[in-house]
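Visitor: prediction below, plus the sequence it came from.
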Amino acid sequence: EDAEKGGYEHFMLKEIHEQPKAVQDTLLRRIDDDGRICLDGISLTKEDLQNITKIYIVACGTAYHAGLIGKYAIEKMARIPVEIDVASEFRYRDPVIDEKTLFIAISQSGETLDTLAALREARSHGARILSVCNVVGSSVARESDDVFYTWAGPEIAVASTKAYTTQLVCMYLIALYLGDLTGNISREYYDHILEELLAMPDKIQQTLDKAPEIEELARHLYNRTQVFFIGRGVDSAVALEGSLKLKEISYINSFAIAAGELKHGTIALMEPETIVIALATQDRLFEKMYSNIVEVKARMAHVVSVAKEGNDKIEAESTEVIYIPQCDDEVTPILTVIPLQLFAYYVAKIKGEDIDKPRNLAKSVTVE
Ligand code: G6P
């Protein structure tokens, strides 16, 4: 087993560090020599896509969090309405589906029972099934009309990391492809986002290089019992993933909420030294997010912000700031999640927890 860990202490840390390569592999498999997204091996035609009036994205756990970002991207770029649901709810709620529905299942293992059952439910109503899977030939992949593989390589740690970032890449590629086809995005925008994606492996590496800084932060905060993650726009979805990582392996009670919702309840929980991890990477929403940070800081919270390099303004209201490299708002989630994965990892490590096999959790849940 030690040999398989390639010199890392845990599979999770190894997989976190494999993300530049995993993202690169996933991207390059789907971009041709002319810099266009290619759907080789996928039977979905242009005509099929033109008949799609609605998309469902269904998944569980971390894959569901990737789906949330997919919804933002597809609706923005393709202007097709996207509904998203967790598989365990979708399969029992009599969803409105017909042959004009594209059903996207996201699953690292391709064996999650709820996701598979939701897929079967969608198929029985005539939906076309596209899946985003990491395991070639898995049940979800076999039962789909088409598969968009993430080329993350085997993921062993229960807490998913490289599967998530590669799922994000697939969601952006699908969104761009659909946006191009529906004529909602210009050639310039298409090229710009692809360029931003191609720059991601290097930028992920730059973010990973901050591991010592994040380990230090974990050393200060590991003994807390409660952590809140807040964000707006795509950051609210990344907040959910950061919170899940922390609770899964460190057993700290963590909670994620869209920052604008704080005032409707959660702000009541703010006390001096409450830890708030504030994701503030969206230029478009920065002023709104800044106000939320001011609100929690006014209650003496300990605010750890994640922001883009060059954003000095945030320092005034934050106890600490973790910077990610500059990039387009749209694709920040691929970077924003990296410090959150590292934070969860180091907190669990300092607490002495069984990082790769957290209690009560399974890598793949094949029962209901
Ligand atoms: C389990 C794992 C999670 C994973 C979820 C969905 O709960 O512990 O890490 O996100 O299943 O798994 P899937 O293989 O369908 O992506």
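Guide: That came in fine, so what should we check first?
Visitor: okay, now Glu315: neighbour count?
Guide: 12 (other Cβ atoms under 10 Å). All C-beta spots, glycine's among them, are computed from the backbone N, C-alpha and C.
Visitor: skipping adjacent residues, who's closest to it in space?
Guide: Val321 (5.6 Å; Cβ to Cβ, 6 or more residues apart in numbering).
Visitor: so that neighbour sits right up against Ile314, yeah?
Guide: Yes - the pair Val321 / Ile314 is scored as a contact, 5.7 Å apart, by Cβ atoms under 8 Å.
Visitor: common neighbours of the two, please.
Guide: Listed as contacting both Val321 and Ile314 by Cβ atoms under 8 Å, 6 or more residues apart in numbering are 305, 307.
Visitor: quick one: Val147 is in a helix?
Guide: No - going by DSSP: H, G, I helix; E, B strand; the rest coil, the assignment for Val147 is strand, not a helix.
Visitor: check contacts around it.
Guide: Residues near Val147 by Cβ under 8 Å, 6+ apart: 42, 130-133, 141.
Visitor: for Cys133, which residues are in contact?
Guide: Contacts of Cys133 (Cβ under 8 Å, 6+ apart): 105-110, 140-141, 144, 147-150.
Visitor: kindly recompute the last result at 7 Å.
Guide: If you count contacts by Cβ atoms under 7 Å, 6 or more residues apart in numbering, Cys133 has them with 107, 110, 140-141, 147, 149.
Visitor: filter the contacts of Val147 down to the ones close to the ligand.
Guide: Among those, not one lies near the ligand by Cβ under 6 Å from any ligand atom.
Visitor: looking at those, which is nearest Thr115?
Guide: Ser131 (8.7 Å; Cβ to Cβ).
Visitor: quick one: secondary structure of that closest one?
Guide: strand.
Visitor: OK, contacts around it?
Guide: Applying Cβ under 7 Å, 6+ apart, the residues contacting Ser131 are 105, 107, 140-141, 144, 147.
Visitor: can I get those in a markdown table including pLDDT, distance to Lys308 and secondary structure?
Guide: Output for the contacts of Ser131, formatted as a markdown table (pLDDT from 0 to 100; distance: Cβ to Cβ, whole Å; DSSP: H, G, I helix; E, B strand; the rest coil):
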| residue | pLDDT | distance to Lys308 | secondary structure |
| --- | --- | --- | --- |
| Ala105 | 98 | 32 | strand |
| Ser107 | 98 | 31 | strand |
| Val140 | 97 | 35 | helix |
| Ala141 | 97 | 36 | helix |
| Ser144 | 96 | 36 | coil |
| Val147 | 95 | 34 | strand |
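Visitor: in a markdown table, list the residues you listed along with distance to Ala218.
Guide: A markdown table is the format used below for these (distance: Cβ to Cβ, whole Å):
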| residue | distance to Ala218 |
| --- | --- |
| Ala105 | 34 |
| Ser107 | 30 |
| Val140 | 35 |
| Ala141 | 37 |
| Ser144 | 39 |
| Val147 | 37 |
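Visitor: show me what counts as buried in the lowest-mean-pLDDT helix or strand in the chain.
Guide: Least confident helix or strand of the chain, by mean pLDDT, DSSP states H and E, is helix 46-50 with a mean of 83. Buried residues in helix 46-50, defined by neighbour count with 16 or more other Cβ atoms under 10 Å: Leu49.
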